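**Q** Let's see this in three dimensions:
(one chain, ligands or ions: 1)
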Amino acid sequence: MGHGVDKPLVGQIDRWIVAHRDDLIGRVRDLVAFPTISPPGRNTGDAQRYLADWLRSLGCAVEQFEVYPGDPDVVGRLPGDAGGGGRSLLFNGHIDVAEVATEGWRDEPFAVTERDGRLYGRGVCDMKGGLAAALFALQATLACGDSPRGDVIIESVIGEESGEWGTVACVERGYRADLAIVPEPTGLRPCGQGGVITGWVTIQSSQTLHDAVRARTIHAGGGLVGANAIEKMTRLIAALNDLERDWAVTKAYPGFAPGATTINPAVIEGGRHPAFMADRCALWITVHFYPDETWEGVVAEIEEHLRRAAAADRWLRDNPPTFRWGGRSMIEERGEIFPAVPLGAGAPGLDLLGAAHAAVRGAPPERAMWPSVSDAGWLARAGIPTIIYGPGELAEAHTTNESIAVTDLVDAARVYAGLIGAWCGLAGQP
Ligand SMILES: [Zn+2]
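**A** Modelled structure (predicted):
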């Protein structure tokens, strides 16, 4: 894309990336060597310092701030060329990686192994590869003597794998752009995503009863009104199953398989001891919703449905369930939220991204909905037009022997460089 005058410049940047692909692989190798597993987290300081140094070497103004002790966010901002007035572009990637199984790795997970055109190691795909590709695209642009006319912002955030608000911390500090790219592994397809919220449904009895009086609470003539909170929770689980089925039949969104709006009873905790009737039961659920829904709306639907189910039960009517939704961290609060990302035809940046992709891959990409969730939702919720687009296949994320094709990694950097030029505009440096 772009004007005739841009084309030779873009071609030069593209050739630079291809010629320097080993440098990109080396960057991924360096990043993977930091074992930034989350949970437990609190271990990204060294990796983030490495990225801060890299960003500084590109001339970015770098801000580093702790979200949790030992878990700082890093944001690099390269101000647009003074005469420019180009549009700003933000890349956001998470530096933490999913936990690693102790057995089954053919190679050391925190040392990249290259074999048959693929890189192996924890995080190569999700998503140190994509994050490195974004920085490398900016590096290539600058190395070729060009500078973006609009601001380029690169965020390396913590805690995504644990639902922590690393990206929210960047939003709260005021970072915005005209377009955001999240290089999660979408197989180089521009994607939106559905949203997720977790919640706790709790049944708390107003009385604590001995196991020995159970007969009086369940049999004719017992005369004691009481209940077992675990058993009552089964009524609410059945009600959630009904609602989930209703959603599957009545809700739909292009790009999703029918019934993607699931309500998963993920964890249950209840009872205190065999000598008691269970007086408390808490259910942790995971709720998926479509891009045209908000978590507030979905939560209201669930609460309404469960209140009605409870009202139909003599005991639950007097001991209704309570709710606690979301959270800033699975580690600290046992809760998380990922807002959705709508991505319709004609979304800002989609055409230019598609053209940059086509220039590298020979055909336009297929727009899709990513079946997973990412921090892209927080950027979209902050009002930034956001596209998830990155190298690697989602099926590789979190797996033992996680890998990425070197071609895809390099092509991602080429597409990002093309997008920087097309979206921000380029000014040749004096
Ligand atoms: Zn990820």
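**Q** Give me the neighbour count for residue 269.
**A** Other residues near residue 269 come to 12 when the count uses other CB atoms under 10 Å. No exception for glycine: its C-beta is placed from N, CA and C like everyone else's.
**Q** Repeat that for the one 4 residues further on.
**A** Neighbouring residues of residue 273 were enumerated by other CB under 10 Å; the total is 7.
**Q** Domain map for the chain?
**A** The record's domain parsing of the chain by automatic domain parsing lists 6-193+341-428, 195-325.
**Q** Contact partners for the residue of the stretch 151-300 of the chain found nearest the ion?
**A** In the stretch 151-300 of the chain, the residue that lies nearest the ion is residue 184 (4.8 Å; CB to the ion). By CB atoms under 8 Å, 6 or more residues apart in numbering, the contact list for residue 184 reads 93, 126, 127, 130, 370, 372, 374, 376, 388, 390, 394.
**Q** Scan this structure for its longest helix.
**A** helix 229-250 (DSSP state H).
**Q** which other helices and strands contact that helix?
**A** Here helix 229-250 touches strand 195-204, strand 263-270, strand 280-289, helix 295-311, helix 314-318, going by 3 or more CB pairs under 8 Å, 6 or more residues apart in numbering; DSSP states H and E.
**Q** Among those, which comes closest to residue 254?
**A** With CB to CB as the criterion, residue 254 lies closest to strand 280-289 of the helices and strands packed on helix 229-250, at 14.9 Å.
**Q** Once you drop chain neighbours, what's closest to the closest residue to the ion within the stretch 201-350 of the chain?
**A** Of all residues in the stretch 201-350 of the chain, the one sitting closest to the ion is residue 338 (10.8 Å; CB to the ion). Leaving aside its sequence neighbours, residue 338 sits nearest to residue 373 (CB to CB, 6 or more residues apart in numbering; 3.8 Å).
**Q** do the same with residue 299
**A** That would be residue 325: by CB to CB, 6+ apart, it lies 5.2 Å from residue 299.
**Q** what are the phi and psi angles of that neighbour?
**A** Main-chain dihedrals, residue 325, degrees, to the nearest 10: phi -110, psi 140.
**Q** I'd like to know how many residues surround it.
**A** Other residues within reach of residue 325, judged by other CB under 10 Å, total 19.
**Q** thinking again about what came up before, buried residues, the longest helix of the chain. List them.
**A** Buried residues in helix 229-250, defined by neighbour count with 16 or more other CB atoms under 10 Å: 229, 230, 232, 233, 235, 236, 239, 240, 243, 244, 247.
**Q** thinking again about what came up before, would you format the helices and strands packed on helix 229-250 as JSON lines with distance to residue 411 and mean pLDDT included?
**A** Formatted as JSON lines, the helices and strands packed on helix 229-250 follow (distance: least, CB to CB, whole Å; pLDDT from 0 to 100):
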{"stretch": "strand 195-204", "distance to residue 411": "29", "mean pLDDT": "98"}
{"stretch": "strand 263-270", "distance to residue 411": "35", "mean pLDDT": "98"}
{"stretch": "strand 280-289", "distance to residue 411": "30", "mean pLDDT": "98"}
{"stretch": "helix 295-311", "distance to residue 411": "35", "mean pLDDT": "98"}
{"stretch": "helix 314-318", "distance to residue 411": "56", "mean pLDDT": "95"}
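**Q** can you put these in JSON lines and add distance to residue 256?
**A** What follows is the helices and strands packed on helix 229-250, written out as JSON lines (distance: least, CB to CB, whole Å):
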{"stretch": "strand 195-204", "distance to residue 256": "12"}
{"stretch": "strand 263-270", "distance to residue 256": "15"}
{"stretch": "strand 280-289", "distance to residue 256": "9"}
{"stretch": "helix 295-311", "distance to residue 256": "15"}
{"stretch": "helix 314-318", "distance to residue 256": "33"}
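**Q** which one of these lies closest to residue 42?
**A** strand 195-204 (21.3 Å).
**Q** For that closest one, name the packing helices and strands.
**A** Taking 3+ CB pairs under 8 Å, 6+ apart as the contact cut, strand 195-204 packs with helix 229-250, strand 280-289, helix 295-311, strand 322-325, strand 337-338.
**Q** would you turn these into a markdown table with distance to residue 421?
**A** As requested, the helices and strands packed on strand 195-204 are exported to a markdown table (distance: least, CB to CB, whole Å):
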| stretch | distance to residue 421 |
| --- | --- |
| helix 229-250 | 43 |
| strand 280-289 | 36 |
| helix 295-311 | 37 |
| strand 322-325 | 43 |
| strand 337-338 | 31 |
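**Q** Out of those, which is closest to residue 190?
**A** For residue 190, the closest of the helices and strands packed on strand 195-204 is strand 337-338, at 18.3 Å, according to CB to CB.
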